[in-house]
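**Student:** sequence first, predicted model second:
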Amino acid sequence: MRGMCGIAGLWKANMPDEALLEPLTAMIRTISHRGPDHEGVWCEGNMGLAQNLLAIVDVSPNSYQPMISEEGRYILVFNGEIYNYQHLAKDLQKEGIVFELHNDTQVLLQACSHWGVEKTLPKLNGMFAFAFYDKHAHRLIVARDRWGEKPLYYAYQPQQFFAFASELKALRVLPFLDTRIDETALQLYLQSSYIPCPYSIYQGVKKLFPGSYLIVENGFLHEHRYYDFQEAVSKRTLQQGSEADILEQCDQRLQYSVAERMYADVPVGAFLSGGIDSSLMVALMQRNRAQPVQTFSVGYPGADEDESKYAEEVAKYLKTDHTTIHIQQEDLLEAIASISRIYDEPMGDPAALPTYCMSKIARKTVTVVLTGDGGDEMFAGYYKHKWLPKLYQWGQWVPNGVLQGLCVIHEAVMGNFHPKLVRRIRRALGIMQKKNFLDAYIQTDCAWQVRPSLEKTWFALHPDLPNNGEQVMFCDVRTQLTDEFLCKVDRATMAASLEARAPLLDYNLLDFVWSIPFSKKLRQGEKKYLLRSVLRRYVPQALWDRPKIGFGMPLGTILRTALQSTFERYLAADTLIWRFLNRAYVQSLWEQHQKGKISHERTLWNFFVAQQFLLGE
């Protein structure tokens, strides 16, 4: 392993290498925050590759990229970590490939050269996006990891150009790029608060699906898939062992995954919320280290929801070197002003803001952090895994007229109840009115009822899963995990030149987890039963057993106060958004929110972020 970075590349017909150098250099320099330690550019013919490096393991020039094979035929740029690279190196050496081992980039280059990219990809355990160019065949292959931990955007016109990069801003510098707003992408954002694959906010740019690779040859592009989560779930064999057996295997695999992701030549810490996922991860980290692990949490002075005290209790028990970052309103306002620059397209997850604030502070003392991402999606940790199937089922036998009547009553009396309760009742009634389960799933996290086309996305149910709880988990993994949560963490941490690793997304661990019956994950109504059972071995239950809060923030209050004038200016601004939203309706929600009895913070924040982006702010 050598470190995180930003990568970019450009092939343009009839453009010589000396002409490629300027746009390619401009591309990679827009994402220098992803790799401040070194910048490298390679051009030959009408093909160019570039990379900037954040050194993690092997900080010597041996890790510099683009990396060229010994005979000069193959060129590689690589963003990410291959955790099993030493095992792959041994396999290569057994087959007669001799090389001096320094880092995972060298192993990836040797593997792709010897086995070919198509045979190498299924062997990789890691998070990555890379491009591999064969000079003799004039063939470029770009690939992305199984879960989409690392981003890959691309733009393409047949026989004219192909460009790719780790972030949208690197592609935006190209003068020939089509940067018109993609209306379907905007609608998808307004619905879900993120833009799912394959869309980006621009008509001329796409995201590569996780588990996929592109072959660019003779001016044409072909997309292939090396890992299909739907197929993997279909082919699984359910575990028949005892609960004690399954629990022990789960614990052992978690230990191995955490240990692999702690390997680095720079300081490694962790984000600690005090919840189940992060507490278990930090407990396993501390188990592997004699010195205290550096842990970080966020708190909001005076806020109703503040998980930092729980994180402090867990940190004290585990004897970590803990830092609570007290985020002030001015810190959040600074982050809000940066949100469009960091994400390059609308991203409506409010947790992006504290994640960025925390990353900036953490980067002062560590270069790598481990996170608990993936635990809820893989181990049945959300309320929707329990309640969505029930609400949908109830909605099928309650007459539609009754449901509509309940909605009318709810609207009439909602000002008399706590804003959170009002929001939950509204969401439950919305789910119960849906007549197919996919619509009910989308309604769970729906901001605006805009009904975009889902045709090209992975918003779809699994054809073979009879259990609707598992259907929810399946959809979470294919959409929200990749395109919202992992995107949120990647951009927020990399904006601070900090690498984030997610041990709970180890694919060997997850193949095992998805072979465990759903009844052992959500047991008698207890969410995340397996992880809870493992965590009890390391941390007393009293320290972590409570309702989930997360890294949220006092968003509703900030909208009413510090952002009030900005929000009202966005309400008055004429942009593309009004093709899909009714201005009077948005105004009515804003007025209700301003009175303080009803909270529309998530929906209004979705609107705020979209307008901020569309207005170029």
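**Tutor:** Yep, that arrived. Not measured: the values here are computed from a predicted model.
**Student:** biggest helix in this protein by residues?
**Tutor:** For the chain, the helix with the greatest residue count under DSSP state H is helix 243-261.
**Student:** that one: what's the following helix or strand?
**Tutor:** strand 268-271 (DSSP states H and E).
**Student:** return the list of strands paired to that next one, each annotated with direction.
**Tutor:** Taking DSSP bridges as the criterion, strand 268-271 forms sheet pairs with strand 294-299 (parallel), strand 368-370 (parallel).
**Student:** deepest of these, which one?
**Tutor:** strand 368-370 (a mean of 26; mean count of other Cβ atoms under 10 Å). In this view, the C-beta of every residue, glycine as well, is placed from N, C-alpha and C.
**Student:** so which elements touch the helix or strand just after it?
**Tutor:** Sequence-wise, the next helix or strand downstream of strand 368-370 (DSSP H and E) is helix 375-379. Contacts defined by 3 or more Cβ pairs under 8 Å, 6 or more residues apart in numbering; DSSP states H and E place helix 375-379 against helix 276-287, helix 507-513, helix 529-535.
**Student:** and of the ones you listed, who's closest to residue 264?
**Tutor:** Judged by Cβ to Cβ, the one of the helices and strands packed on helix 375-379 that comes nearest to residue 264 is helix 276-287, at 12.1 Å.
**Student:** show me what the closest one is packed up against.
**Tutor:** Short answer (3+ Cβ pairs under 8 Å, 6+ apart): helix 276-287 packs on helix 243-261, strand 268-271, helix 308-318, strand 368-370, helix 375-379, helix 529-535.
**Student:** recalculate using a threshold of 7 Å.
**Tutor:** Judged by 3 or more Cβ pairs under 7 Å, 6 or more residues apart in numbering; DSSP states H and E, the packing partners of helix 276-287 are helix 243-261, strand 268-271, helix 308-318, helix 529-535.
**Student:** would you list the phi and psi of residue 163?
**Tutor:** According to degrees, to the nearest 10, the main-chain angles of residue 163 amount to phi -130, psi 150.
**Student:** quick check: pLDDT value at it.
**Tutor:** According to the prediction, residue 163 has pLDDT 98.
**Student:** and the residue nearest the centre of the chain, which of the three is it?
**Tutor:** Central residue of the chain (Cα atoms, centre = their mean): residue 486, 1.0 Å from the mean position. Classification of residue 486 by DSSP: H, G, I helix; E, B strand; the rest coil places it in helix.
**Student:** residue 77 in helix, strand or coil?
**Tutor:** Applying three-state DSSP: residue 77 is strand.
**Student:** residues in contact with it?
**Tutor:** 7, 9, 49-51, 65-66, 130-131 (Cβ atoms under 7 Å, 6 or more residues apart in numbering).
**Student:** one more pass at 10 Å, please.
**Tutor:** 5-9, 28, 40-42, 49-52, 65-67, 105, 129-133, 142, 164, 166 (Cβ atoms under 10 Å, 6 or more residues apart in numbering).
**Student:** what of residue 171?
**Tutor:** 8, 10, 27, 30, 153-155, 163-165, 177, 179, 200, 202, 204-205, 344.
**Student:** same question, residue 563
**Tutor:** 332-333, 336, 555, 557, 570, 604-605, 608.
**Student:** the closest residue to residue 475 other than its chain neighbours: neighbour count?
**Tutor:** Nearest residue to residue 475, sequence neighbours excluded (Cβ to Cβ, 6 or more residues apart in numbering): residue 441, at 5.4 Å. Applying other Cβ atoms under 10 Å, we find 26 residues neighbouring residue 441.
**Student:** quick check: phi and psi at residue 441.
**Tutor:** phi -60, psi -50.
**Student:** make 57 the starting number, not 1.
**Tutor:** Sure, I'll start counting at 57 from here, so that last one is residue 497.
**Student:** got a pLDDT number for it?
**Tutor:** The predicted local confidence for residue 497 is 95.
**Student:** over to residue 119?
**Tutor:** 69.
**Student:** can I assume residue 209 is in contact with residue 262?
**Tutor:** Yes - using Cβ atoms under 10 Å, residue 209 is in contact with residue 262, at 7.1 Å.
**Student:** so what sits against both of these two?
**Tutor:** Going by Cβ under 10 Å, 6+ apart, residues that sit against residue 209 and also against residue 262 are 220, 256.
**Student:** out of the helices and strands packed on helix 332-343, deepest packed?
**Tutor:** strand 324-327 (a mean of 25).
**Student:** quick check: mean pLDDT across that one?
**Tutor:** 96.
**Student:** please apply the same query to stretch 222-236.
**Tutor:** Mean predicted confidence for stretch 222-236 is 96.
**Student:** so residue 484, which of the three states?
**Tutor:** Residue 484 is classified as helix under three-state DSSP.
**Student:** can you give me the end-to-end span of stretch 592-603?
**Tutor:** By Cα to Cα, to the nearest Å, the extent of stretch 592-603 from end to end equals 17 Å.
**Student:** what comes up buried for that stretch?
**Tutor:** For stretch 592-603, a neighbour-count test (16 or more other Cβ atoms under 10 Å) marks 594-595, 599-600 as buried.
**Student:** give me the low-pLDDT residue ranges for the stretch 57-206 of the chain?
**Tutor:** 57-60, 110-119 (pLDDT under 70).
**Student:** apply 80 and report the result again.
**Tutor:** 57-60, 73, 91-94, 109-119, 155-158 (pLDDT under 80).
**Student:** show me where it has helices.
**Tutor:** 73-85, 141-150, 160-171, 173-176 (DSSP state H, counting those that start in this stretch).
**Student:** closest to residue 327 out of the ones you listed?
**Tutor:** Nearest of these (Cβ to Cβ): helix 160-171, 23.6 Å.
**Student:** please name every helix or strand in contact with the closest one.
**Tutor:** strand 59-68, strand 123-124, strand 130-138, helix 141-150, helix 173-176, strand 182-190 (3 or more Cβ pairs under 10 Å, 6 or more residues apart in numbering; DSSP states H and E).
**Student:** deepest of the ones you listed, which one?
**Tutor:** Buried most deeply of the helices and strands packed on helix 160-171, by mean count of other Cβ under 10 Å, is strand 59-68, with a mean of 28.
**Student:** need the contact list for residue 81.
**Tutor:** Per Cβ under 10 Å, 6+ apart, neighbours of residue 81: 64, 95, 97, 99, 104, 106, 229.
**Student:** make it 7 Å
**Tutor:** Counted by Cβ under 7 Å, 6+ apart, residue 81 has contacts residue 97.
**Student:** likewise for residue 642?
**Tutor:** Taking Cβ under 7 Å, 6+ apart, one finds 627, 663 in contact with residue 642.
**Student:** got the phi and psi for residue 281?
**Tutor:** Per degrees, to the nearest 10, the backbone of residue 281 is at phi -120, psi 130.
**Student:** name the nearest residue to it, ignoring sequence neighbours.
**Tutor:** residue 268 (5.0 Å).
**Student:** for residue 82, same thing?
**Tutor:** residue 229 (4.7 Å).
**Student:** does the one you found touch residue 86 like I think?
**Tutor:** Yes - contact criterion Cβ atoms under 7 Å: residue 229 and residue 86 qualify, at 6.0 Å.
**Student:** wait, what's in contact with the residue nearest to residue 281?
**Tutor:** Contacts of residue 268 (Cβ under 7 Å, 6+ apart): 200, 279-281.
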